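A.B. asks: Output the structure for:
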Amino acid sequence: MRTLTTTIAALFAVLAPSVAQARDVWASEDGDSVLEVRAFYKAFGSGLRMQPGLVEGTLALQDLLEQAGLSAGSALPLYGGTSTHTGRIWGRLLLFNRVELSVGYELDASIASSSALTGGAGLTGTVPVATAQVASRRLVDFDHVLARKDGFLLQHNLDLLAVKVTLPLGELVAGRQVLSWGTGRFWNPTDLLSPFGPTDVDREVRHGVDALRYSLPLSKTSLVDILWLPQQEGWAQGGAVRAQANFKGFDFSLSAAKYVSDVVFGADTVGDIGPVGVHAEASYTLGLTGLASGPVSVGDHFLRAVAGLEVKPTSGLVLMGEYYFNGYGATNASGYATKLKSDRVSSGEIFGAGQHYLGLAAVWKATDLLTANATVIANLGDPSAMVVPTLEYWVEQSVILRVGGYVPIGKAPDPRALQALQLTDLVNTTPAFTSAVSSLGLRSEYGSSPWGLFVQVGVYF
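C.D. replies: Numbers count the residues shown, from 1 in each chain. Modelled structure (predicted):
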């Protein structure tokens, strides 16, 4: 229906070749019942150099806390390395072309040269160096952490367990399922369930959430989704309604949802204007307080929105650009550290500490097996940027080799305010102490991120 937009989305996602897709293990003679299974093993290694100002600042703060006899945590090392190993198996059983059972399980082992790196590289978290699974929006779940010691972390995740039933009118899906909304290429304001970060280089797997979903087609181009997002606490029960339609070649959707303690209204659109693919997406969040005990009032409230375009100058080259407004972000660098340590950012619900961003990408498919990708994520308010060049090569269409790096651009952190603190500042919580600790000397967002090189090998079975 939209050839350009569909092609661009497929290239940007860098989908695996057909051999990496699910393989038939069993099928009935009439083809109405089938069992498909697939699996992969991936190893991701990175070498990092932290920003010296951030290292010196966190070391000064650690020394000060130790002088006071308080728990100091871990200062960031100047150099570090990580290795993450992931094994995943998933599949589906289709019975009589009406009932489908989907199951997915993942095991992750991460080793870091420092325990300070097991949750992310540096404060900004723009460089994913170790697996950090967040199981939000789930009714019940087991402890993901199997073992943790120093720089070692072993986790597992039953991230898919759902039954889909095809009804005379629509589909009903119950259980842990993948729900992904929105049209943004780098940021998805309406996707609060399983979003990717703008600097993620591996976007193959989205982890599921617990939901009961009923999808009702209204026509060939329109659909209504009704969801219940159960939680153990009565006040935390959630749900969503999302309607999709097509008008003159453009897809539109409107949504209204309650996610635990947030009410979120969203809208998005995507289509083509001549040779240019365009898209836009926006959400408005009302954070409710007092739901458990009352009285209920509105706390956080903010708008997030994206608008972007894509062009395909040649058959193998795609160029993209996207502007992102983050109403939750801070207006200047002094507030970045507070935002980056907030629950919304640390849990992966929101990406970015500032308010105005630009994402640029060039994807060149040199051959069927070789793809080059250059991504730039810029904070326009600093200004600062993260450049992520990536090269991907498929070996015999069953093994992927991915190499690349992280190149931060922007003002590095200034540790002098933290280094100037005295024990009396800590004891008396002076304005100098409050200001230094709250800002951590950050002068730009991506200028505080580490330099890095990475290599990933994935084997599909």
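
A.B. asks: For the spatially most central residue of the chain, list the residues it contacts.
C.D. replies: The chain has Phe196 as the residue nearest its centroid, 2.4 Å off, counting by C-alpha atoms, centre = their mean. Applying C-beta atoms under 8 Å, 6 or more residues apart in numbering, one finds that Phe196 lies in contact with 188, 203, 206. Bear in mind the C-beta positions are built from the backbone N, C-alpha and C, glycine included.

A.B. asks: Could you rerun that using 10 Å?
C.D. replies: 13, 180, 184, 186-188, 202-206, 348, 351 (C-beta atoms under 10 Å, 6 or more residues apart in numbering).

A.B. asks: And Ala307, by the same measure?
C.D. replies: By C-beta under 10 Å, 6+ apart, the neighbours of Ala307 are 183-184, 269, 278-282, 321-325.

A.B. asks: In strands, which of these fall?
C.D. replies: Using DSSP state E, 269, 278-282, 321-325 are the members of those that sit in strands.

A.B. asks: Adding secondary structure, neighbour count and pLDDT, write the contacts of Phe196 out as JSON lines.
C.D. replies: Listed next are the contacts of Phe196 as JSON lines, based on DSSP: H, G, I helix; E, B strand; the rest coil; neighbours: other C-beta atoms under 10 Å; pLDDT from 0 to 100:
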{"residue": "Ala13", "secondary structure": "helix", "neighbour count": "13", "pLDDT": "42"}
{"residue": "Ser180", "secondary structure": "coil", "neighbour count": "12", "pLDDT": "85"}
{"residue": "Gly184", "secondary structure": "coil", "neighbour count": "27", "pLDDT": "95"}
{"residue": "Phe186", "secondary structure": "coil", "neighbour count": "26", "pLDDT": "96"}
{"residue": "Trp187", "secondary structure": "coil", "neighbour count": "27", "pLDDT": "96"}
{"residue": "Asn188", "secondary structure": "coil", "neighbour count": "25", "pLDDT": "95"}
{"residue": "Asp202", "secondary structure": "coil", "neighbour count": "17", "pLDDT": "91"}
{"residue": "Arg203", "secondary structure": "coil", "neighbour count": "12", "pLDDT": "89"}
{"residue": "Glu204", "secondary structure": "coil", "neighbour count": "16", "pLDDT": "91"}
{"residue": "Val205", "secondary structure": "coil", "neighbour count": "19", "pLDDT": "90"}
{"residue": "Arg206", "secondary structure": "coil", "neighbour count": "17", "pLDDT": "89"}
{"residue": "Gly348", "secondary structure": "coil", "neighbour count": "17", "pLDDT": "82"}
{"residue": "Phe351", "secondary structure": "coil", "neighbour count": "24", "pLDDT": "92"}
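
A.B. asks: which stretches of the chain have low pLDDT?
C.D. replies: For the chain, the stretches with pLDDT under 70 are 1-22, 72-74, 118-136.
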